[in-house]
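Peer 1: Quick one, fold the following:
(2 chains)
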Number of protein chains: 2
Amino acid sequence: MAGALQISFAPMKATVIVELKPSVLDPQGKAIQHSLRTLGFDGVEDVRAGKLFRITLADSEQPRAELEKQVRQMCERLLANTIIENFSYTLEE
Amino acid sequence: MAGALQISFAPMKATVIVELKPSVLDPQGKAIQHSLRTLGFDGVEDVRAGKLFRITLADSEQPRAELEKQVRQMCERLLANTIIENFSYTLEE
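Peer 2: Next comes the predicted model:
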């Protein structure tokens, strides 16, 4: 500690959004759109439903680029079905 | 048209995020966290799952404040269960 350069690593928070590709039908979104219209919200032209994940990553000394790579892998391997879904993510402390 | 002040109203896009309140258990998030660890992502400390809706609102001459009010009502009446969920939204053209 004494005299050493101290860098603090706060836990990083990743926010991942997974959405159906625009060309893929979204029956859940259509059902919500219909329900909103039934409730009187006439101006609703379209609804698309998606998923959002807030991921807390432990303190680590990994560079940001490495963390981003990990989050991308999480999306590709588990969180998104890349055949029919797109994903995007942001990383913040 | 001729000589008249023309204001164009593009369709507005609302993005709504619905998430469980922090005090509410999230079994789906826990299952995803467990799966990510099993896949070798050891740094994952927590996962919370939420929902995202992209709502296209028809061209209208309503002021932005009125549209925001409508989106808030959609959240309160259909999209979110405000007993256990928080919601947030953004509006853009």
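Peer 1: from here on, contacts and neighbour counts on C-alpha atoms
Peer 2: Fine.
Peer 1: just the strands in chain A please.
Peer 2: Under the criterion DSSP state E, strands of chain A are mapped to A:12-20, A:44-57, A:85-92.
Peer 1: Summarise which helices and strands the first one is packed against.
Peer 2: Going back to what we said before, that points to strand A:12-20. Packing partners of strand A:12-20 (3 or more Cα pairs under 8 Å, 6 or more residues apart in numbering or on different chains; DSSP states H and E): strand A:44-57, strand A:85-92.
Peer 1: which parts of chain A sit against chain B?
Peer 2: Contact residues of chain A with respect to chain B, defined by Cα under 8 Å from any Cα of the partner chain, are listed as A:17, A:29, A:36, A:41, A:43-60, A:70, A:74, A:78.
Peer 1: Who are the contact partners of A:V71?
Peer 2: Contact partners of A:V71, counting by Cα atoms under 8 Å, 6 or more residues apart in numbering or on different chains, are A:14, A:89.
Peer 1: ok, now with 10 Å
Peer 2: Under the criterion of Cα atoms under 10 Å, 6 or more residues apart in numbering or on different chains, the contact list for A:V71 reads A:14-16, A:55, A:57, A:65, A:77, A:79, A:88-91, B:41, B:44.
Peer 1: Among those residues, the buried ones, what's the PyMOL command?
Peer 2: Selecting only the buried members of the contacts of A:V71 in PyMOL, with burial defined as 16 or more other Cα atoms under 10 Å in any protein chain shown, works like this:
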select buried, (chain A and resi 14+15+16+55+57+79+89+91) or (chain B and resi 41+44)
